[in-house]
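Asks: Generate a structure from the sequence data that follows.
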Amino acid sequence: MRLTDPIHFNGRILFLSENSDAMSRQLQGKDISLEEALPLRDQISTDEITPAWICYHFDEKLGDYPYLGLKCGDQFPLKEGLVKAGGFAVSVAGKRRGKGSSREASPYAEMAAGIRLVIAESFERIYRQNCQNLGLLTSLEFGLIERIRQGEGIPMDEFTEGLDPITTMIVQRGGLFAFNAARLKGDILVTLPDRGPRPLTLAEKIIARHAVVDASKNRIGIEFVKPGDGLFVQADWRFSHEYVTPMAASFLQQALGDEVALRDVSSILAFRDHLTFLHHTMSEARKQSGLLDVARNLKTVQESFCAKHGIRLHGELPNGEGSEGICHSIMAERYAEPGQVVVGTDSHTPHAGALGCLAFGVGTTDIANAWITGDVRVTVPPTLRVTLNGRLKRGVAAKDLVLHLLALPFIREGKAIGQVVEYQGEAIAHMNTDERATLTNMAAEIGGFTGLVAPDEETVRFIRERRGVEIHLEDWMRGDLDAEYAHTIEVDCDALGPMLARPGDPGNGVPLKDLTEDIPIHIAYLGSCTGGKREDIQRAYEIVEAARILGRRVPEGVRFFVQCGSEDVRQYAVKQGWIEAFEAVGATVLGSSCGACINAGPGVSASAEQVTISAINRNFPGRSGPGQVWLASPATVAASALAGKLCGAEN
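Replies: Residues are numbered from 1 along each chain as shown. Reported below is the predicted structural model:
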């Protein structure tokens, strides 16, 4: 399609409104105006577009389910099949549309339901990139609404305005597969940016060194890049988990056939980590409907695909009660190295950025193409510098720091979307790699492209300790002194105390000391990639061991779950005596896996009245069951579990 060719949208417009009555009227067949729909829903997460259980499907069946988790006021107005039956072609929302998980199932479900264009005040990076890769058009222009209703054809160039040349060509050709097919045939020439000398941030240096000059001749690397440049970068590691591998394999087969050859299979990894405990928590009604079998098929398809292509699969434990570990935990513990590019099909891929590599999440289409080409497209992002002055006080963790950041207006308003979040300063120098990984992991909640810490002797120590190998840092592995930053946030770490995030969003931060009411809890969950590292388990153990010595136990009516991020961590915790202490106070220790973090394992709530305190990274509605999820550091989770109410370690 040429950029001047008009596009007609023959269908209705669906406003995703805060007002449940406005939603109901639209679903009953009435068209309403933008003014009637206001206020629009802001910060719609992919958990709301396609709740986790919907993602057990990976075909056009997804079209029956978009927006089933969407909360409008205090209602969930969408039901199965309503979007498709309503004949909607355009979907409109407010700020930060598509935040959270990188699941491409969300825009794919919208497309399969008939949506051809999504409009929002702002988009999260991965969600919008997934739309572009699939051929789902996106726009920030609300003036399109009336033009579309009047039957006007909209020129393609209105959907590519402001995009880099590569992204423009992808949108113009209808998606990434079509673009790469032309690229690999030589029908498209990707022109690299021609930049003169300029000081570079660490992220810019890594991108420049990995920029693909000529894929056919394996020519990699240019000297300079600048934010806004579009290019492809060669990936050192490409990984996917069982939620995504089957859909990516299906896309690949549809586009290129059964006998496709993958590039450099030794740098492709797969993980079975999300759903190994699902059978414990899925309702009997859903099991009877066959949904558990649908979910188990993800494992079967992934194993078959990995076996066919010789891909290293980190699978579940022989007893079926857990996995080798969560992909992010294992990537940091075993694979990622400073200066590398790591891409994975999960928004928390930035976890590995704690080791000084550029690690970022990509969608299903991205990873399927990367299996063939070895590279992924990048629009060079600006860098947000977060300077951590002073040092965190004893009892204050990286999780408290990131919950503080998420509550800042700059972050809450989406001003960091798509940026590299680079942590610098005295406090970061005194953090170990596990704590740094909490900060980089939760760059996803900030809305960033990735999180990054320049490698140092702590990085060398971590890799030596976890892998038994020595690495040597190179002089280029830090930003230039006069590098350009889009913005700088200064944090006085000496002044920070323990934090909580109220239910509904990780950005609902509140200092623990400001919580004046007693809030009883029903569940305490210590785990996930964010909260299941060695440092996390140790900090919680210190609280638990002190209670054990005093003869205290988890009170009746409270369930305390402990789930390490990897078997490496769990085995270490066993040797240190930490697991024994947890069990002695009444905690349930589970095999390593994601589980409750994505509503698929012990630790999820069963009713809206239940209150959970959790060390996970997200508390979007429905993310970990229907109850009210508070976020906190591992130490605060442990202290609350023993007190039976929200409280800090000093209690």
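Asks: Kindly export stretch 106-117 (C-alpha atoms) in CSV.
Replies: C-alpha atoms of stretch 106-117 as CSV (Å, rounded to 0.1, in the frame of the first residue of the first chain):
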residue,chain,number,x,y,z
SER,A,106,-3.8,-8.7,23.4
PRO,A,107,-3.6,-6.8,20.0
TYR,A,108,-4.1,-10.2,18.2
ALA,A,109,-7.4,-10.7,20.2
GLU,A,110,-8.5,-7.2,19.2
MET,A,111,-7.7,-7.8,15.5
ALA,A,112,-9.4,-11.2,15.6
ALA,A,113,-12.5,-9.5,17.0
GLY,A,114,-12.6,-7.1,14.0
ILE,A,115,-10.7,-4.1,15.4
ARG,A,116,-8.5,-2.5,12.7
LEU,A,117,-7.4,0.7,14.4
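Asks: Go ahead and name everything in contact with that stretch.
Replies: 9, 11, 14, 46, 49-50, 54, 60-66, 83-84, 87-91, 98, 118, 127, 130-131, 134-139, 144, 148, 159, 247, 364 (C-beta atoms under 8 Å, 6 or more residues apart in numbering). Glycine gets a C-beta too; all of them are placed from N, C-alpha and C.
Asks: Assign a three-state SS to Asp366, would you?
Replies: With DSSP: H, G, I helix; E, B strand; the rest coil as the basis, Asp366 sits in helix.
Asks: and the residue lying closest to it once chain neighbours are set aside, how far is that from Arg125?
Replies: Spatial nearest neighbour of Asp366, excluding adjacent residues (C-beta to C-beta, 6 or more residues apart in numbering): Val376 at 5.5 Å. Look at Val376 and Arg125: by C-beta to C-beta, to the nearest Å, they are 13 Å apart.
Asks: Run through the residues that contact Ile32.
Replies: By C-beta under 8 Å, 6+ apart, the contact list for Ile32 reads Phe15, Ala22, Arg25, Gln26.
Asks: separation between Gly143 and Ile154?
Replies: Here Gly143 is placed at a distance of 10 Å from Ile154 (C-beta to C-beta).
Asks: Between those two, tell me which one has more neighbours.
Replies: Using other C-beta atoms under 10 Å as the criterion, Gly143 and Ile154 rank with Ile154 on top: 19 against 10.
Asks: That one bridge partners, please.
Replies: Ile154 forms beta bridges with Ile7, as assigned by DSSP bridges.
Asks: before we move on, back to that, could you list which of the contacts of stretch 106-117 belong to helices?
Replies: Thr46, Ile49, Val83, Lys84, Tyr127, Asn130, Cys131, Leu134, Leu144, Ile148, Met247, Thr364 (DSSP state H).
Asks: among the contacts of Ile32, which ones are buried?
Replies: Phe15, Ala22, Arg25, Gln26 (16 or more other C-beta atoms under 10 Å).
Asks: Between the two ends of stretch 598-611, how far is it?
Replies: 16 Å (C-alpha to C-alpha, to the nearest Å).
Asks: ok, now stretch 36-44?
Replies: Note: stretch 36-44 ends 19 Å apart using C-alpha to C-alpha.
Asks: So which residue is smack in the middle of the chain?
Replies: Ser347 (2.0 Å; C-alpha atoms, centre = their mean).
Asks: any idea whether it is helix, strand or coil?
Replies: Under three-state DSSP, Ser347 comes out as coil.
Asks: That one is in contact with Arg125, isn't it?
Replies: No. With contact taken as C-beta atoms under 8 Å, Ser347 and Arg125 are classed as non-touching, separated by 9.6 Å.
Asks: by contact count, what packs against the lengthiest helix in the chain?
Replies: As assigned by DSSP H, the longest helix anywhere in the chain is helix 291-309. Counting contacts by 3 or more C-beta pairs under 8 Å, 6 or more residues apart in numbering; DSSP states H and E, helix 291-309 is packed against helix 245-256, strand 268-271, helix 278-281, strand 312-314.
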